[in-house]
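Q: When you get a sec, could you give me coordinates for this:
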Amino acid sequence: MTSRTDHKPPAAAELAELSALADGTLDPSRRGSVEAHIAASPELSALYERERRVVAAYAFVVTWLILKALNRFEQVRVPDDLELRGLDSEMGEEEAYVLT
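A: Numbers count the residues shown, from 1 in each chain. Take a look at the predicted model:
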């Protein structure tokens, strides 16, 4: 990343590295220098935190949609009564905890 001393908007290369860091695709050898550059700029720090929140929200929504779609074809959760009786004995046909 280049050094920024004035208040110009971030360059495309800076934004690309910022996004790559936020979504986990940044080359590990570049991670330290990009993090140091972000730490030195309050503007980039705020932008990075916003991008991290967007990535987290996107991951949550996509995961929720996948689980909802899967649940339409096959139940994702076990029934409550089966869970109360114990999953080890009901599904695995064995007892994990024998308390006498």
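Q: Quick one: find the helix or strand in the chain with the lowest mean pLDDT.
A: helix 87-90 (a mean of 70; mean pLDDT, DSSP states H and E).
Q: what's the distance between the most centrally placed residue in the chain and Asp27?
A: By C-alpha atoms, centre = their mean, the chain has its centre lying nearest to Ala56, at 4.9 Å. To Asp27, Ala56 is 22 Å away according to C-beta to C-beta, to the nearest Å. Where you see a C-beta, it was placed from the backbone N, CA and C, and this is true even at glycine.
Q: Low-confidence stretches in the chain?
A: Within the chain, the segments meeting pLDDT under 70 span 1-7, 89-93, 96, 98, 100.
Q: The residue nearest to Asp23 when sequence neighbours are not counted: which element?
A: Of all residues beyond its chain neighbours, the one nearest Asp23 is Val55 (5.1 Å), with distances taken as C-beta to C-beta, 6 or more residues apart in numbering. Assigned by DSSP states H and E, Val55 belongs to helix 42-73.
Q: who does that helix touch, helix- and strand-wise?
A: helix 12-23, helix 28-39 (3 or more C-beta pairs under 8 Å, 6 or more residues apart in numbering; DSSP states H and E).
Q: just to revisit the earlier point, if I look at the residue nearest to the centre of the chain, how far off is Leu65?
A: For Ala56 relative to Leu65 (C-beta to C-beta), the value is 15 Å.
Q: Please apply the same query to Glu43.
A: Taken as C-beta to C-beta, the span from Glu43 to Leu65 is 33 Å.
Q: Over to Pro9?
A: Distance of Pro9 to Leu65, given as C-beta to C-beta: 33 Å.
Q: Could you do Leu15 as well?
A: Distance, Leu15 to Leu65, by C-beta to C-beta: 27 Å.
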